[in-house]
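Trainee: Give me coordinates for this.
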Amino acid sequence: MSADTPGWSADGPTGAEFTDVRAIQAELRARGIEPLESVDESGTGPASVMIEDPDGNPILIDQHVPRPDAPT
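Mentor: Numbers count the residues shown, from 1 in each chain. All right, here's what the predicted structure looks like:
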């Protein structure tokens, strides 16, 4: 899977398993990294979170599919 698009494989189809962007955001915050743009952790749909690297470059983690445990 691509590291910056949770839920998608390198070929484009939805991956069977992936870490939801909300869980990634929670882990970043637990490590002291506050996102520039955050995602609503109670949501279930596609979402994104943006952080900044030490040089000031933005890093976007963009998820185009619903949370793995979201009701369908």
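Trainee: Could you report the distance from residue 32 to residue 44?
Mentor: Using CB to CB, to the nearest Å, residue 32 is found at 27 Å from residue 44. Where C-beta positions appear, they are placed from N, C-alpha and C, glycine not excepted.
Trainee: what's the most centrally placed residue in the chain sitting at in phi/psi?
Mentor: Taking CA atoms, centre = their mean, the centroid of the chain lies closest to residue 21, which sits 2.5 Å from it. Listed backbone geometry of residue 21 is phi -60, psi -30, with angles given as degrees, to the nearest 10.
Trainee: and the closest residue to it other than its chain neighbours, how many neighbours does it have?
Mentor: If the residues on either side of it in the chain are set aside, residue 21 comes closest to residue 63, at 4.1 Å by CB to CB, 6 or more residues apart in numbering. Residue 63 is flanked by 23 other residues according to other CB atoms under 10 Å.
Trainee: tell me the pLDDT at residue 63?
Mentor: Per-residue confidence (pLDDT) for residue 63: 88.
Trainee: low pLDDT regions in this protein?
Mentor: Low-confidence segments of the chain (pLDDT under 70): 1-16, 71-72.
Trainee: the helices in it, which residues?
Mentor: 21-30 (DSSP state H).
Trainee: Show me the beta-bridge partners of the residue nearest to residue 21.
Mentor: Counting by DSSP bridges, residue 63 is bridged to residue 47.
Trainee: close enough to count as contact, it and residue 48?
Mentor: Yes - counting by CB atoms under 8 Å, residue 63 sits close enough to residue 48 to count as a contact (6.5 Å).
Trainee: Quickly list what's touching both of these two.
Mentor: Shared contacts of residue 63 and residue 48, defined by CB atoms under 8 Å, 6 or more residues apart in numbering, comprise residue 21.
Trainee: one step back: settle it for me: which of residue 32 and residue 44 has more neighbours?
Mentor: Between residue 32 and residue 44, counted using other CB under 10 Å, the more crowded position is residue 44 (15 against 6).
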